[in-house]
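> Fold the following.
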Amino acid sequence: SASSVDGNIASSNGSSNALFVSNGATTNDEATNDAAPKDSILAFSKDIKYVLHELRGLTSDPSIPSHLMGRSNALSYSKTWTLEDWEYHNSRKRYFRYLYFFPKSRLVWRIMPQQTALFIWTCLSIWIENTFFDNMRIPLASLGTVSTFLAFLLTLRSNQGLARLDEARRLWSKVILNTREMAQLISAFVYPVDKQLALMLQRHVAVFGWLLKSQLRFTRKEDVVDIVRTMLPSPQYKKDADYILSQRQKAAAVVTRIRQVLAHLGKAHRLTTAEEIAIDHTAHALSEAITATGRIRSSPIPTLYTSHSSRLLLFYLFCLPSALHMSGLNNIVTTLLTMVVGFAMLGLDEISHLFEQPFRVIPMYDMSKRSMMGVADCLTCMPPPLEGEVGRVEDEDAGLSQRDLTQYWSTKEMSTISDNIME
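Down below sits the predicted model:
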């Protein structure tokens with residue numbers, strides 16, 4: 001952990017002693033002689049940098065399968081886009097690019113088993129008809145009635161999948177918004193009255209996005225242990241880290257901790273009623289995000305609708321080769337048209353299934369990094385103190401430049417960084 005290297009292990013001051021209890025084996029005399037250093041904005045910033053550039057320094061999400069992410073340089077909804085990505089996407093050369101990379105298309109490879117089965121059935125169907133029903137002719141219009149209903153069902157299901165994808169993306173944008181709002185409220189209201197409690201809360205809020213991502217993507221508990229242990233290092237925050245990692249809903253544990261501190265400061269009359277209401281309202285928004293995202297994850301499109309659409313699709317594709325061939329088309333044209341229609345309908349069905357579980361494809365990895373960065377900015381990029389403002393004059397980090405406190409932004413020169421890290 002970067003925290004153990006930088007020595008950012010702290011103990012609480014004043015009224016926050018009840019919430020910060022060291023787990024070390026030191027005696028009272030040893031604690032008196034060797035007091036643990038307090039937490040600081042600089043130590044907090046270094047931990048943020050360690051997470052963003054070391055623990056989670058990859059540019060793409062390693063938990064998304066390669067068949068969804070595609071090539072490293074490919075455009076994907078699972079990544080956050082830059083201006084260059086948009087220009088590349090809107091280029092008039094995109095049609096040639098789509099044709100050139102068609103054999104490497106992620107969708108083509110996902111429906112390849114279905115397409116292979118359809119091709120084999122088409123060849124078998126043509127052979128049977130040529131052998132036993134050579135002179136039989138059936139109008140294609142009879143199958144056209146089924147295709148109308150099938151197209152409607154597939155379109156409706158695709159729209160439902162896109163609606164779930166859009167809702168999930170909106171909810172994650174609110175996660176970024178509300179974590180930043182909470183961090184700003186903590187910096188404005190809690191930090192002036194108790195710096196150690198404020199730093200502790202900011203560390204909790206900074207890991208909220210990672211905890212929610214882990215919960216929504218069905219990842220193992222170990223996937224967030226390194227982040228939690230880094231942002232809540234031992235011995236000062238060991239109890240906090242152990243508490244979060246032992247919970248069933250780890251993101252909800254962060255909200256619980258925030259409300260515990262809020263009640264503690266409220267009972268001590270260190271926050272005004274308006275300040276308590278503002279913080280509690282934002283905590284409610286974070287809790288609501290957990291519930292809303294969980295609803296999407298646990299509730300699919302009604303399976304009866306999905307199964308009915310799939311059965312009708314199979315029936316249509318089963319009858320299509322015979323209907324085309326018996327309408328007078330030759331073997332090659334029948335096979336070609338069947339494969340094209342199969343690619344269109346099977347591809348649309350596969351896309352709707354992918355978007356039905358939106359948390360497999362939305363860029364939660366990048367959004368978690370942005371959420372953490374936004375929380376850190378609320379402490380490291382605080383505006384200049386007002387005249388007579390309480391809690392800012394004696395700040396031990398006041399002598400540091402913003403560049404010193406924001407090294408987690410990038411390892412490059414700031415003049416080369418765009419606003420791609422914004423949400």
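> quick one: low-confidence ranges for the stretch 151-300 of the chain?
Counting by pLDDT under 70, the stretch 151-300 of the chain contains low-confidence ranges at 218-221.
> try 90 this time
Along the stretch 151-300 of the chain, the parts satisfying pLDDT under 90 run over 151, 192, 217-223, 234-236.
> Quick one: the helices in it, in order.
195-206, 208-216, 222-231, 238-245, 250-267, 273-298 (DSSP state H, counting those that start in this stretch).
> Please report the distance of Ser173 from Trp81.
To Trp81, Ser173 is 14 Å away according to Cβ to Cβ, to the nearest Å. For glycine as for every other residue, the C-beta is placed from the backbone atoms N, C-alpha and C.
> on that earlier part again, turn the helices of the stretch 151-300 of the chain into TSV, columns for mean neighbour count.
Formatted as TSV, the helices of the stretch 151-300 of the chain follow (neighbours: other Cβ atoms under 10 Å):
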stretch	mean neighbour count
helix 195-206	26
helix 208-216	25
helix 222-231	19
helix 238-245	18
helix 250-267	19
helix 273-298	16
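> Out of the ones you listed, flag the one nearest Gln115.
With Cβ to Cβ as the criterion, Gln115 lies closest to helix 273-298 of these, at 30.1 Å.
> Report the distance from the closest one to the chain centre.
Put simply, helix 273-298 sits 17 Å off its chain's centre (Cα atoms, centre = their mean, to the nearest Å).
> In contact with Phe101: list those residues for me.
Shown in contact with Phe101 (Cβ atoms under 8 Å, 6 or more residues apart in numbering): Ala74.
> Read off the pLDDT value for it.
On the pLDDT scale, Phe101 is placed at 87.
> Phe343 too?
pLDDT at Phe343 comes out at 94.
> same question, Ser147
Predicted confidence (pLDDT) for Ser147: 85.
> quick one: it and Phe315 touch, right?
No: contact criterion Cβ atoms under 8 Å: Ser147 and Phe315 do not qualify, at 10.8 Å.
> So between the two, which is more surrounded?
Ser147 (16 against 13; other Cβ atoms under 10 Å).
> host element of the more buried one?
Element membership for Ser147 (DSSP states H and E) is helix 141-185.
> quick one, that helix and helix 273-298 angle?
Using axes from the mean of the first three to the mean of the last three Cα atoms, to 10 degrees, the inter-axis angle of helix 141-185 relative to helix 273-298 is 150 degrees.
> what's the spacing between helix 141-185 and its chain's center?
A distance of 16 Å separates the centroid of the chain from that of helix 141-185, by Cα atoms, centre = their mean.
> Packing partners of it?
helix 195-206, helix 208-216, helix 273-298, helix 303-326, helix 331-356, helix 364-380 (3 or more Cβ pairs under 8 Å, 6 or more residues apart in numbering; DSSP states H and E).
> Mind checking those helices for the one nearest to His53?
His53 sits nearest to helix 364-380 of all the helices and strands packed on helix 141-185, at 10.0 Å, using Cβ to Cβ.
> relative to helix 222-231, how tilted is that closest one?
10 degrees.
> Quick check: buried residues in stretch 183-190?
Using 16 or more other Cβ atoms under 10 Å as the test for burial, stretch 183-190 gives Ala183, Gln184, Leu185, Ile186, Ser187, Ala188, Phe189, Val190.
> I meant stretch 162-182, not that one.
In stretch 162-182, counting by 16+ other Cβ under 10 Å, buried: 164-165, 168-169, 171-172, 174-182.
> How much space separates Ser76 from Val361?
In terms of Cβ to Cβ, Ser76 sits 8 Å off from Val361.
> er, Met112 actually
20 Å.
> Equivalent analysis for Pro300, please.
With Cβ to Cβ as the criterion, Pro300 and Val361 are 15 Å apart.
> circling back to that earlier point, mind checking the helices and strands packed on helix 141-185 for the one nearest to Leu154?
Closest approach to Leu154 among these (Cβ to Cβ): helix 331-356, 5.0 Å.
> For that closest one, name the packing helices and strands.
The contact analysis (3+ Cβ pairs under 8 Å, 6+ apart) places helix 331-356 against helix 106-110, helix 112-132, helix 141-185, helix 303-326.
> so which of these comes closest to Thr293?
Of all these, helix 141-185 comes closest under Cβ to Cβ, at 5.3 Å.
> which among the buried residues of stretch 183-190 gets closest to Ala141?
Taking those together and measuring to Ala141 by Cβ to Cβ, the closest member is Ala183, at 63.7 Å.
> Val333: what's it in contact with?
With contact taken as Cβ under 8 Å, 6+ apart, Val333 is in contact with Leu324.
> Kindly apply the preceding question to Pro358 instead.
Pro358 makes contact with Arg164, Leu165, Glu167, Ala168, Arg169, Ile296 under the criterion Cβ under 8 Å, 6+ apart.
> how does it look with 7 Å?
Counting by Cβ atoms under 7 Å, 6 or more residues apart in numbering, Pro358 touches Arg164, Leu165, Ala168, Ile296.
> One more: Trp121?
Trp121 sits in contact with Pro321, where contact means Cβ under 7 Å, 6+ apart.
> Now do it against Leu314, distance only.
On the measure of Cβ to Cβ, Trp121 and Leu314 end up 10 Å apart.
> For Thr155, which non-adjacent residue is closest in space?
Leu348 (7.8 Å; Cβ to Cβ, 6 or more residues apart in numbering).
> Ok, Leu153 next?
Nearest to Leu153 is Ser309, by Cβ to Cβ, 6+ apart, at 4.5 Å.
> how near is that neighbour to Ser322?
For Ser309, the distance to Ser322 equals 22 Å [Cβ to Cβ].
> separation between Ile236 and Gln114?
For residue 236 the amino acid is Gln, not Ile. 56 Å.
> So for those two, which residue has more residues nearby?
Gln236 (26 against 19).
> Quick check on the more buried one: phi, psi?
With angles defined as degrees, to the nearest 10, Gln236 sits at phi -60, psi -40.
> Of the helices of the stretch 151-300 of the chain, give the one that comes closest to Cys378.
Nearest of these to Cys378, taken as Cβ to Cβ: helix 195-206 at 7.3 Å.
> what's the angle between that closest one and helix 222-231?
Going by the same axes, to 10 degrees, helix 195-206 makes 160 degrees with helix 222-231.
> Not counting residues beside it along the chain, what's closest to the residue most central in space within the chain?
Nearest to the geometric centre of the chain sits Met364, at 1.4 Å (Cα atoms, centre = their mean). Nearest non-adjacent residue to Met364, counting by Cβ to Cβ, 6+ apart: Lys213, 4.2 Å away.
> Would you confirm that that neighbour contacts Ser368?
Yes: counting by Cβ atoms under 7 Å, Lys213 touches Ser368, with 5.1 Å between them.
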